[in-house]
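**Q** just need the structure, nothing else, for what follows:
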Amino acid sequence: MGKTTLAMDLAAGLLCIDQDPAARPCRACPACRKVEHGNHPDLHRLVPEGAGEQIRIGQVQSLITDLALMPMEGRTRVAIIESAHRLNPDAQNALLKTLEEPTGAACMMLCADDPTTILPTVVSRSARFRLGPVPIADIAALLVDRGLADASRAAGLAVASGGLPGVAVALARSPDASLIHDRLARQLIDLLTADIRTRLDAASSLMADGAVLDAALSGDTPADGATDQDVPPPTPRRRAAAAPAVASKGPKRPQPAERRRAARRVLTTWREVGRDLAVVAAGARPRIRQLDLLEELDAAAPLVDSRELLAFLDRLDGLVAAIDAYASPELVLDDLLLRWPRTAPPVRAASRR
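**A** Now for the predicted structure:
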């Protein structure tokens, strides 16, 4: 959506040393360049870590200690907590005193995908800014301005992103991501007519595609020609992904956090497919997001029970939260595969003799 991008822009403005406040961030001074490259001593970033992908109390306590010190180069210290919805309750409670009685010159920004996971005591001590989907035309213009796509491709990527500029940029930088996403979506459509055994057998391939798609969309391997300004500073997860591979005797089993991310990518794609099926079934074809799948959607939509599809989408949203709460990704996929509406090709009536 652009929450962390906005937070980084605000951080650059707070740390910029341009004499004219109206010109901040100037993008040219040493402070702006350090923010851009992620090495400004007064900029602190917290990200989820460990197998559970949580932000824990130890990380927050270390941040609070740093924020209590005087700024080293700028006028203030700036803290950005990315994926703040992954703050565990102990970490959130540790923030309360600092939020209520801040010490020193500090600004803290929490970027949360799901505000319902933030404790009311934290929300009541913060100013809230809700970001909505970005207009499709603006995303297309962004891709063209950055030289990531021509006008026609930019329009298609903007629609496919569903109003999320970060997703559009990632898809534009990684053509493989678009191919994997389309393959995953087509497989889900094909499973509408599959029997139970075929559906359950497909779980492993769905997870494999989800893992590759997650790596591509997370920016683990920036496209050739990307500039430092375009590529965000490496997070611990990106640094781990970029580490040299170590030879092993057999295939390495994905870590729990990797399996959850892969499953979330599958479920996100599944939601997009289900949404577009519902849109086509409702007679609103111009509003679909996956234009490349129009033919498949047109063929499948009349054969799907709309009420069953909407019930499935409700269940899917609930199971996304279950994965975040450490439900088994494989069991979640199996459940959805069994509940995915089943259709059958229309049967022609036999002619009478």
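**Q** what stretches of the protein score poorly on pLDDT?
**A** By pLDDT under 70, the weakly predicted segments of the chain are 51, 219-254, 344-353.
**Q** pop the domain breakdown of it in here.
**A** If you go by automatic domain parsing, the domain ranges for the chain are 3-123, 133-172, 174-240+251-339.
**Q** any chance of the ones you listed in CSV, plus mean neighbour count?
**A** The C-beta positions use only the backbone N, C-alpha and C, and glycine is treated the same way. Converted to CSV, the domains of the chain look like this (neighbours: other Cβ atoms under 10 Å):
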stretch, mean neighbour count
domain 3-123, 17
domain 133-172, 18
domain 174-240+251-339, 17
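**Q** identify the residue nearest Arg259 in space, chain neighbours excluded?
**A** Excluding its sequence neighbours, the residue lying closest to Arg259 (Cβ to Cβ, 6 or more residues apart in numbering) is Pro329, at 4.8 Å.
**Q** typed the wrong thing, it's Pro302
**A** Once flanking residues are discounted, Pro302 sits nearest to Ala281: 7.2 Å by Cβ to Cβ, 6+ apart.
**Q** so what's the one you found up against?
**A** Counting by Cβ atoms under 8 Å, 6 or more residues apart in numbering, Ala281 touches 301-302, 304, 306, 309.
**Q** now, among the residues you listed, which is nearest to Pro89?
**A** Leu309 (35.7 Å; Cβ to Cβ).
**Q** which ones are touching that closest one?
**A** Contacts of Leu309 by Cβ under 8 Å, 6+ apart are 274, 277-278, 281, 341.
**Q** and with 7 Å instead?
**A** The contact partners of Leu309, by Cβ atoms under 7 Å, 6 or more residues apart in numbering, come to 274, 277-278, 341.
**Q** run a quick neighbour tally on Phe129.
**A** When neighbours are defined as other Cβ atoms under 10 Å, Phe129 has 10 of them.
**Q** ok, and what's touching the host helix or strand of Val122?
**A** According to DSSP states H and E, Val122 maps onto helix 120-123. For helix 120-123, contacts defined as Cβ under 7 Å, 6+ apart pick out 92, 95-96, 99.
**Q** one more time with 10 Å, if that's ok
**A** With Cβ atoms under 10 Å, 6 or more residues apart in numbering as the test, helix 120-123 has contacts from 84, 87, 92-93, 95-96, 99-100, 110, 112, 115-116.
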